Each structure stands twice: as C-alpha cells, then as structure tokens.
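> Next input, structure requested:
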Amino acid sequence: MASAIVDVAGGGRQQALDGSNPAVARLRQLIGGGQESSDGWSRCWEEGVTPWDLGQPTPAVVELVHSGTLPAGDATTVLVPGCGAGYDVVALSGPGRFVVGLDICDTAIQKAKQLSAAAAAAADGGDGSSSFFAFVADDFFTWEPPEPFHLIFDYTFFCALHPSMRPAWAKRMADLLRPDGELITLMYLAEGQEAGPPFNTTVLDYKEVLNPLGLVITSIEDNEVAVEPRKVIS
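As a prediction, this is how the structure comes out:
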C-alpha cells in the first residue's frame, strides 16, 4: 500500500498524562488495562475523568488547518478515531473537507454532538458548518465505513491502546485509508510508565507496525505548539 504517513511529534494538553496525575490514576482503574471496551471509557466520561480532554481543539490541529496544507476538495473525507468530545473534528471540517468523528463510547459521541450543536447555534447556525462533519459511535476495529478516507488524524488514540493491539491498529489504518491517503499521528511519546493508558510509546513503535504494511513515514516533525507538560515525560 502506497499511503503516505506524516508523523508529528509532540503534545498539547494542560496536564501530563502520566501516573503523577491523580486523574490518570483513576482513569487506569476505570479502564482496567487499556483494552478497547466501551464500558471503561463510558465510566470515565460519566465520572468526568477525562484528563486527555483539552476542552478545545488541539493546538497542532488549529495550526495545520491555518497552514492550508491539509487536503481539501470535492468529496475529501477525514476520519478522527477516538474523537472524544469532537473538538478536532469540528476544527478540521469545512468546505471541501468532510470529517467523521468516531468513538467507541456513546457518551462521548453524545457530548460531541451537543457541543458542536451549541457552537453552531452560537454562530447563528447560518454558515452550514454542521454539514461538514458527523459523529459515529462504533468500534474502530470492526466499523465499516462506505468508503476509505483521504486523511486520518490520530492523537492520544495509539497510546491509549494496550501495546498488544498496535498491530491491529495499523491494519485498520491501512484498511481505512485510500491508496493515496495520509495518516497524521500526533505522537504522545510517553516513557517510564508502569501501566497505562497512556502506555509507553516511541517512534519505533509506530514504525514497527506501519512499515510492514507498506505505510511509509514521510515526515517526522517537532510540535512547537505543544504545551510544556506534554513535551517530556520524566
């Protein structure tokens, strides 16, 4: 498969997602090991234990949108797996680019729909912005969209999965991308963690599962807009 991969290293949340954060400790209790299950993630949303949630679009996403380098045009489609409250979905969407936000947790999807509707109402709802995105509650590993995507954006999704699930993650990315598509993964390079999520992650972890599928890494860049606590895990 000849899909291009663009890896952007960095972070962008206010708090470090490691064991020193009490919310992360509680997250790990609720998730129970990082296996892909809606129950644990639903409990997190219901209890308000969402340390990954910035409450606004990821700074790097905003920068990418403003750069004008993202694909856009007739019927250009984008997928954001593990979209949570959907801030990045809305930020990426616009004329010429339809974005699907996917999450296994229905509670998160309902919140995403509410927040995006409120944002559209605040803007008087006159620009048709809600027609540029949609939210789907389903399992990334089994969901079958009608056609593959031009672009997939992954952030705090890879590192949230148990490492044993990473080959399956890569396979699904390959299946869900068009042959000429791109995967942008904003890597959260956690280390020194005895548990997860987020699990210890290196650039090599991405290469080991993507390269065998013919997914070629074309760029690795430092994210200059990352919030300081997320740049380094000690």
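> Show me what counts as buried in stretch 144-162.
148-161 (16 or more other Cβ atoms under 10 Å). Where you see a C-beta, it was placed from the backbone N, CA and C, and this is true even at glycine.
> and the longest strand seen in the chain, what other elements does it pack with?
The single longest strand within the chain, with elements called by DSSP state E, is strand 177-187. Secondary-structure packing of strand 177-187 (3 or more Cβ pairs under 8 Å, 6 or more residues apart in numbering; DSSP states H and E): strand 4-9, helix 59-67, strand 149-155, helix 203-210.
> Quick check: which of those is nearest to residue 40?
Among the helices and strands packed on strand 177-187, the nearest to residue 40 by Cβ to Cβ is strand 149-155 (19.5 Å).
> re earlier: closest to residue 167 out of the helices and strands packed on strand 177-187?
Once the helices and strands packed on strand 177-187 are compared by Cβ to Cβ, helix 203-210 is nearest, at 5.1 Å.
> Can you tell me what sits against that closest one?
For helix 203-210, the surrounding residues in contact (Cβ atoms under 8 Å, 6 or more residues apart in numbering) are 5, 7, 9, 158, 163, 166-167, 169-170, 173, 183, 185, 187, 189, 217, 220.
> Closest one to residue 20 out of the residues you listed, please.
Lowest distance from residue 20 to the contacts of helix 203-210 (Cβ to Cβ) belongs to residue 189, with 16.4 Å.
> which SS class is residue 53?
Classification of residue 53 by DSSP: H, G, I helix; E, B strand; the rest coil places it in coil.
> Point out where this protein drops to low pLDDT.
Along the chain, the parts satisfying pLDDT under 70 run over 1-19, 33-37, 121-129, 222-234.
> May I see the buried residues of the longest helix along the chain?
Longest helix of the chain, by residue count under DSSP state H: helix 106-122. For helix 106-122, the neighbour count (16+ other Cβ under 10 Å) marks 107-109, 111-113, 116, 120 as buried.
> how far out from the middle of the chain is that helix?
The chain centre lies 17 Å from the centre of helix 106-122; the measure is Cα atoms, centre = their mean, to the nearest Å.
> Report the inter-axis angle for the one helix or strand residue 44 maps to versus helix 106-122.
Using DSSP states H and E, residue 44 sits in helix 38-47. Put simply, helix 38-47 runs at 50 degrees to helix 106-122, going by axes from the mean of the first three to the mean of the last three Cα atoms, to 10 degrees.
> next SSE after the longest helix of the chain?
Scanning forward in sequence from helix 106-122 by DSSP H and E, the next helix or strand is strand 133-137.
> ok, that following strand: who's next to it in the sheet?
When sheet partners are counted by DSSP bridges, strand 133-137 sits next to strand 97-103 (parallel).
> what angle separates the strand it pairs with from strand 149-155?
Interaxial angle, strand 97-103 versus strand 149-155 (the same axes, to 10 degrees): 50 degrees.
> I would like the residues contacting strand 97-103, please.
In contact with strand 97-103 (Cβ under 8 Å, 6+ apart) are residues 41, 70-72, 75-84, 86, 88-90, 92-93, 109, 112, 132-138, 140, 143, 145, 149.
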